[in-house]
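In: Build me a model from this:
(one chain, ligands or ions: 2)
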Amino acid sequence: MKLRKIKDTAVLIVFLAAMIWASCGRSEENDEKQIYIGVACYDQKDTFLGELMESFKDECSRLEDKGYDISLTIMDAANSQRTQDDQVQEMISNGCDILCVNLADRTDPSEIIDAAREKNIPIIFFNREPVEEDLMQWDKLYYVGAPAKQSGQMQGELAADLIKENPSIDRNNDGKIQYVILEGELGHQDAIIRTESVAESMKENGVELEKLSYQTANWNRAQAQNRMTQLIGQYKNSIELVIANNDAMALGAMDAYEKLGITESNYPVFLGIDGTDEGLEAVQQSKLAATVYNDKEGQANAMAQLAFAVVTGQGIEDIKFENQKYIYLPYQKVTPDNVDSFINDQE
Ligand code: GAL
Ligand code: CA
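Out: Ligands and ions are numbered 1, 2, ... in the order given. From the prediction side, this is the model:
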């Protein structure tokens, strides 16, 4: 009971803060032109998600140039679908016009869909893709994300290029690349598809592979360090390549080598995906060999434009959907040669 009260108060504060924030930028004539966007985030401690949310806030304030006040509430489910179901319910009760939902459990959106549908509130799912069957339940459901297969393909091409240019990556000179893979959350579309397509792509590009092992580290740097420490214990310096499903885990793997005091000449090659601030910095310093840019600015922009169009009915015809409800922003390869342009782009 007490907990619930604290939570309600917290929600109220967030809501009031959003209203105050919104009213600060308000111009006199358009008092009624308000859009209230409710965002449900699976876990704001996730590095990429945290950065995506920052971009989304920027995009929403930019939307105000269109003469609307945008108020935004962002709630964090700390990885629990039940918490998220409650949070969505609260935002609906608070009168949100549209929901942006980053599902805690991508296979379980039904409560949220039912609650929103009852009040005719559209939903833009993002980053954690519901299965098609769920998205097809109602015409006011959308998805904004990135084509997972492309990220794995690009990561595989980057690995193959590196191996061709630097034959010494094959340290034991057996013509094969001994590698380990650090995977994101079980059941996440990006983890499953990236893992599959990176190996395919390396093979297609002529790399002889030997997979030593894989570990799940839930997109998380500290978990990756932990798993990598175990892998190093097991495979010693026979690991020639570490493929991580995201940058945070690639950095965690590097932390493991550093912590164990292994000499750099015995480090494997590390590859990530995302191009987070830390990831780009590591590419710039040539610690991370390369990464694949997960276009958070593009995704945030698409979400904001779509939210605006769906609520106001303005400009919806200009939005390019796949299959009427999907928007996928392409990935890009990042190497030490072009990393600066990604860092500058963000400023
Ligand atoms: C992926 C991203 C990961 C993690 C995950 C969360 O697209 O690459 O770093 O943020 O989304 O759903
Ligand atoms: Ca080898």
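In: mind listing what residue 306 touches?
Out: By CB atoms under 8 Å, 6 or more residues apart in numbering, residue 306 lies in contact with 124, 142, 144, 319, 327. Every C-beta, even on glycine, is put in place using the N, C-alpha and C of the backbone.
In: Am I right that it sits in a helix?
Out: Yes - according to DSSP: H, G, I helix; E, B strand; the rest coil, residue 306 belongs to a helix.
In: one step back: just the buried residues out of the contacts of residue 306, in PyMOL syntax.
Out: Burial among the contacts of residue 306 is assessed by 16 or more other CB atoms under 10 Å; the matching PyMOL selection reads:
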select buried, resi 124+142+144+327
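In: Tell me which two in the contacts of residue 306 are the farthest apart.
Out: Across the contacts of residue 306, the longest distance by CB to CB is 11.3 Å; it joins 124 and 319.
In: Can you name the residues that contact the residue in the stretch 1-150 of the chain that ligand 1 sits nearest to?
Out: As assessed by CB to the nearest ligand atom, ligand 1 sits closest to residue 48 within the stretch 1-150 of the chain, at 3.4 Å. Applying CB under 8 Å, 6+ apart to residue 48 gives the contacts 219, 246-248, 274, 276, 294, 296.
In: returning to that earlier point: okay if I get the contacts of residue 306 as JSON lines plus secondary structure?
Out: Formatted as JSON lines, those follow (three-state DSSP):
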{"residue": "124", "secondary structure": "strand"}
{"residue": "142", "secondary structure": "strand"}
{"residue": "144", "secondary structure": "strand"}
{"residue": "319", "secondary structure": "coil"}
{"residue": "327", "secondary structure": "strand"}
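In: Tell me which stretches of the stretch 101-250 of the chain form helices.
Out: Secondary structure of the stretch 101-250 of the chain (DSSP state H, counting those that start in this stretch): helices located at 110-118, 132-135, 148-165, 189-204, 221-235, 247-259.
In: now for the fourth one, which elements pack on it?
Out: What that stands for is helix 189-204. Using 3 or more CB pairs under 8 Å, 6 or more residues apart in numbering; DSSP states H and E, the elements in contact with helix 189-204 are helix 148-165, strand 177-183, strand 209-216.
In: partner strands of the shortest one, parallel or antiparallel?
Out: Using DSSP bridges, the strands paired with strand 177-183 are strand 209-216 (parallel), strand 241-244 (parallel).
In: and ligand 1, which of those strands is closest to it?
Out: With respect to ligand 1, and counting by CB to the nearest ligand atom, the nearest of the strands paired with strand 177-183 is strand 241-244 at 9.6 Å.
In: Tell me how many other residues surround the residue in the stretch 201-347 of the chain that ligand 2 sits nearest to.
Out: Of all residues in the stretch 201-347 of the chain, residue 240 sits closest to ligand 2, at 5.2 Å by CB to the ion. Residue 240 has 23 neighbouring residues, counting by other CB atoms under 10 Å.
In: Can you name the residues of the stretch 1-150 of the chain that neighbour ligand 1?
Out: Residues of the stretch 1-150 of the chain found near ligand 1 (CB under 6 Å from any ligand atom) are 46, 48-49, 127-128.
In: and which of those residues is nearest residue 66?
Out: If you rank these by distance to residue 66 using CB to CB, residue 127 comes first, at 24.7 Å.
In: List the residues that contact residue 340.
Out: Contact analysis of residue 340 by CB under 8 Å, 6+ apart lists residue 284.
In: Please renumber the chain so that the first residue is 34 from this point on.
Out: All right, first residue 34 from here; so that's residue 373.
In: Are we agreed that it is in a helix?
Out: Yes - the assignment for residue 373 by three-state DSSP puts it in a helix.
In: okay, it: pLDDT?
Out: On pLDDT, residue 373 comes in at 97.
In: so can I have TSV of the residues of the stretch 34-183 of the chain next to ligand 1 showing pLDDT?
Out: Listed next are these as TSV, based on pLDDT from 0 to 100:
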residue	pLDDT
79	98
81	98
82	98
160	98
161	98
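In: Considering these, which possesses the most neighbours?
Out: With neighbours set by other CB under 10 Å, the maximum within those is found at residue 160, which has 26 neighbours.
In: give me the number of residues near the residue lying closest to that residue once chain neighbours are set aside?
Out: Residue nearest to residue 160 in three dimensions, not counting chain neighbours: residue 135, with 5.1 Å by CB to CB, 6 or more residues apart in numbering. For residue 135, the count of nearby residues is 25 (other CB under 10 Å).
In: for residue 135, what are its contacts?
Out: Here residue 135 is in contact with 72-75, 82, 158-161 (CB under 8 Å, 6+ apart).
In: ok, now how distant is it from ligand 2?
Out: Applying CB to the ion, to the nearest Å, the value for residue 135 to ligand 2 is 39 Å.
In: How about the residues of the stretch 134-283 of the chain by ligand 2?
Out: 203, 205, 207, 209 (CB under 5 Å from the ion).
In: Hmm, residue 195 and the first one touching each other?
Out: No - the pair formed by residue 203 and residue 195 falls short of the contact definition of CB atoms under 8 Å, at 11.2 Å.
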